[in-house]
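# what follows is a predicted structure for the sequence shown.
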Amino acid sequence: MSDSANTFNAHLLSILEIMAREGVKNAARGLSGMTGEQVAVEEPEAALVSFSELPNLVGGPEQEVVGIYLLIEGEMSGQIMLILPIDQALELTDLVLDRPIGTAKALSSMERSALAEVGNLTCSFFLNSISALTGLSARPSPPAVMIDMAGAILDIVVITAGGVGDHIIVLRASFTKGDREVQSQFWVIPESSVLTAIARRGWAPDGKTK
Amino acid sequence: MEKPNDDSTIAVGLGEIRICSDPSKVLVAYGLGSCIGLGAYDSYRRIAGLLHAVLPISNGSEGSTLGRYVNTGIPALIAQMEDAGASRNHTTFRMVGGANIITSPGFEELLNIGDRNINIARKVLAELDVEILAEDVGGNAGRTVHLYIRDGKMTVRTLGQGEKEL
């Protein structure tokens, strides 16, 4: 990659991190309200990741995970994927359904609906915040809940990115609950056309264009 | 079932083609969802090749991205096998993957990607006059495939269903 491309990417990644900061905090607030537990979130991190490295961000391609997947429609189009280890997904459904932890043993349709609601809520909170900040429209699609090997679930992200280039920009944040890291990752994958527009516009953190 | 150790495995990532003739090695494609894993094995010279293709059709793919698409990846796999000394007469092909992981409404573009990958693979292989010896394709679950160079054994692992030989 050329130096100018690297400079461009570094600039873009830092803009994205600033843009997403309030959004992920807002998503964590939504999740706290829904689960009745104090859920916090780490500072989001944007990175340029090669397709083959993607599964390593979630413990390897054979790791059994739950993916809650939504498309972002509107001016800020892209993809959102919430990725959780299976035991944490089950615990999350118990919190949402207000049952004792350990009740959920498998993901039946009720647990899946609960996780879909988690996806709806966190994404709406995130996107509302991003829209307010940037003025770009963004609506989440209905969510899909999947349980499988990480590699299989992440194929979907790569396919939707269209197999264009070898790398995609992934914005990641991890949720934490009390002292415990929930190991739930919130991924945002903006469409490349959106990235170009953001970079061109010279979007500044105060929401005004430069 | 025997587990290959980490030193012996050669991971074949998204969009990659790997050819190997070292009998101590195992080619592995982990967590294939809608992707296709096509294994080629020359039992006479003990040369193995594994393709991990992501999308059905490329429009003018070149060089290192050939393996990303089913329609360009299959001829590239065959060519690389032959470059490594494999003969078509002794080479068998087995196909794994092409699952439809996402089954919710609202994702029409993605719903049939696994099926499209399988269909294109069958079409391209038929055009090249290549028979598929065995396959484990379709369904809704991800798969990990191992191809042992020593004897050409190919295994498929699915979550909750264990590992089986193909």
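Received the coordinates, thanks.
# from now on I want contacts and neighbour counts done on CA atoms only, so please keep to that.
OK.
# surely residue A:146 forms part of a strand?
Yes. The assignment for residue A:146 by DSSP: H, G, I helix; E, B strand; the rest coil puts it in a strand.
# helix or strand for the nearest residue to it once chain neighbours are set aside, which one?
Using Cα to Cα, 6 or more residues apart in numbering or on different chains and skipping residues adjacent in sequence, the residue nearest residue A:146 is residue A:67, 5.1 Å away. Following DSSP states H and E, one finds residue A:67 within strand A:64-73.
# same thing with residue B:48?
Residue B:48 belongs to strand B:47-53, assigned by DSSP H and E.
# near chain A at all, the helix or strand following that strand?
Using DSSP H and E, the next helix or strand after strand B:47-53 towards the C-terminus is helix B:70-83. No. Shown here: helix B:70-83 not in contact with chain A (Cα under 8 Å from any Cα of the partner chain), separated by at least 12.3 Å.
# please enumerate the helices of chain A.
A:3-35, A:86-96, A:109-134, A:150-160, A:192-201 (DSSP state H).
# so where is chain A shaky, pLDDT-wise?
Along chain A, the parts satisfying pLDDT under 70 run over A:1-6, A:8, A:163-165, A:178-183, A:201-210.
# tell me the secondary structure at the spatially most central residue of chain B.
Nearest to the mean C-alpha position of chain B, by Cα atoms, centre = their mean, lies residue B:37 at 1.8 Å. When classified by three-state DSSP, residue B:37 comes out as strand.
# any idea what it is bridged to?
residue B:52, residue B:96 (DSSP bridges).
# what sits against it?
B:29, B:50-53, B:95-97, B:145 (Cα atoms under 8 Å, 6 or more residues apart in numbering or on different chains).
# kindly recompute the last result at 7 Å.
B:50-53, B:95-97 (Cα atoms under 7 Å, 6 or more residues apart in numbering or on different chains).
# the strand holding residue A:67: how far from the chain's middle?
Relative to its parent chain, strand A:64-73 has a centroid offset of 8 Å by Cα atoms, centre = their mean, to the nearest Å.
# give the buried residues for that strand.
Residues of strand A:64-73 classed as buried by neighbour count (16 or more other Cα atoms under 10 Å in any protein chain shown): A:64-72.
# among the residues you listed, which one sits closest to residue B:78?
residue A:64 (32.8 Å; Cα to Cα).
# re the thing from before, now a ChimeraX select for only the buried ones of the contacts of residue B:37.
In ChimeraX, this line selects whichever of the contacts of residue B:37 come out buried by 16+ other Cα under 10 Å:
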select /B:50,51,52,53,95,96,97
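# out of the contacts of residue B:37, flag the one nearest to residue A:82.
Proximity of these to residue A:82 (Cα to Cα) peaks at residue B:97, which lies at 23.8 Å.
# please report the distance of that closest one from residue B:162.
15 Å (Cα to Cα, to the nearest Å).
# confidence score at residue B:161?
pLDDT recorded at residue B:161 is 87.
# what's the answer for the one 3 residues further on, then?
Here, the pLDDT recorded for residue B:164 equals 95.
# so it touches residue B:158, yeah?
No. Using Cα atoms under 7 Å, residue B:164 is not in contact with residue B:158, being 8.8 Å away.
# what about the residue of chain A found nearest chain B, how many neighbours?
Evaluated by Cα to the nearest Cα, chain A has residue A:152 as its residue closest to chain B, separated by 3.6 Å. Using other Cα atoms under 10 Å in any protein chain shown, residue A:152 has 33 other residues around it.
# just checking, it touches residue B:29?
No. Residue A:152 is beyond contact range of residue B:29, at 10.9 Å (criterion: Cα under 7 Å).
# from residue A:17, how far off is the residue lying closest to residue A:171 once chain neighbours are set aside?
Closest residue to residue A:171 apart from its sequence neighbours, by Cα to Cα, 6+ apart: residue A:46 at 4.2 Å. Note on residue A:46: its distance to residue A:17, by Cα to Cα, is 6 Å.
# between these two, tell me which one has more neighbours.
A count of neighbours by other Cα under 10 Å puts residue A:46 above the other of residue A:46 and residue A:17, at 23 against 19.
# so that one sits against residue A:12, correct?
No. Using Cα under 7 Å as the test, residue A:46 is too far from residue A:12 to be in contact (9.0 Å).
# burial count for the residue in chain B that chain A sits nearest to?
When scored by Cα to the nearest Cα, chain B has residue B:33 as its residue closest to chain A, at 3.6 Å. Neighbour count for residue B:33, taken as other Cα under 10 Å: 33.
# how about residue A:57?
A count of nearby residues for residue A:57, using other Cα under 10 Å, gives 12.
# which residue sits closest to residue A:40 in space, ignoring its chain neighbours?
Using Cα to Cα, 6+ apart, the nearest residue to residue A:40 is residue A:176, at 5.1 Å.
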